[in-house]
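A.B. asks: no sequence for this one, just the structure:
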């Protein structure tokens, strides 16, 4: 089991309001070092610089959606097993199973609670580290 704690998160979210709330939730409340991107393309450009330990992805985005962005990140050296979490309003059981099948470590429903978002992410991180 991995004992290192989660510090760096890369978040990909095209909606500015949601990005702001998540930044507040993860930086101010959660104490994480967050890099927020508004597109899959921007995430691919910045991932080398921020070296995230976990990737938080919106599913529905223009251009590259969350699953396509994750697939692109997975092909980069060093990110094949980085835990990824999808954020989506589509949380029917079969949809969630689909995201997990695509390699997500977890799914957080939207709208999320800013006060518990950091804890939800830590929980998924801890489970991913135990399994991984």
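C.D. replies: Yep, that arrived. This structure is a prediction, so every number in the text was calculated from the model and none was measured.

A.B. asks: The residue positioned nearest the centre of the chain sits in which helix or strand?
C.D. replies: Centroid-nearest residue in the chain: residue 56, 1.0 Å away (criterion: CA atoms, centre = their mean). In this assignment (DSSP states H and E), residue 56 forms part of strand 54-58.

A.B. asks: who does that strand touch, helix- and strand-wise?
C.D. replies: Contact here means 3 or more CB pairs under 8 Å, 6 or more residues apart in numbering; DSSP states H and E; on that basis strand 54-58 packs against strand 8-12, helix 66-74, strand 84-88, helix 117-131. Backbone N, C-alpha and C define where each C-beta goes, glycine included.

A.B. asks: will you turn these into TSV that also has mean pLDDT and mean neighbour count?
C.D. replies: Written out in TSV, the entries for the helices and strands packed on strand 54-58 read as follows (pLDDT from 0 to 100; neighbours: other CB atoms under 10 Å):
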stretch	mean pLDDT	mean neighbour count
strand 8-12	98	23
helix 66-74	97	19
strand 84-88	97	24
helix 117-131	91	17
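
A.B. asks: Including distance to residue 100, could the ones you listed go into JSON lines?
C.D. replies: Rendered in JSON lines, the data for the helices and strands packed on strand 54-58 read as follows (distance: least, CB to CB, whole Å):
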{"stretch": "strand 8-12", "distance to residue 100": "18"}
{"stretch": "helix 66-74", "distance to residue 100": "12"}
{"stretch": "strand 84-88", "distance to residue 100": "9"}
{"stretch": "helix 117-131", "distance to residue 100": "11"}
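
A.B. asks: closest to residue 52 out of those?
C.D. replies: Across the helices and strands packed on strand 54-58, the minimum distance to residue 52, taken as CB to CB, is reached by strand 8-12, at 3.6 Å.
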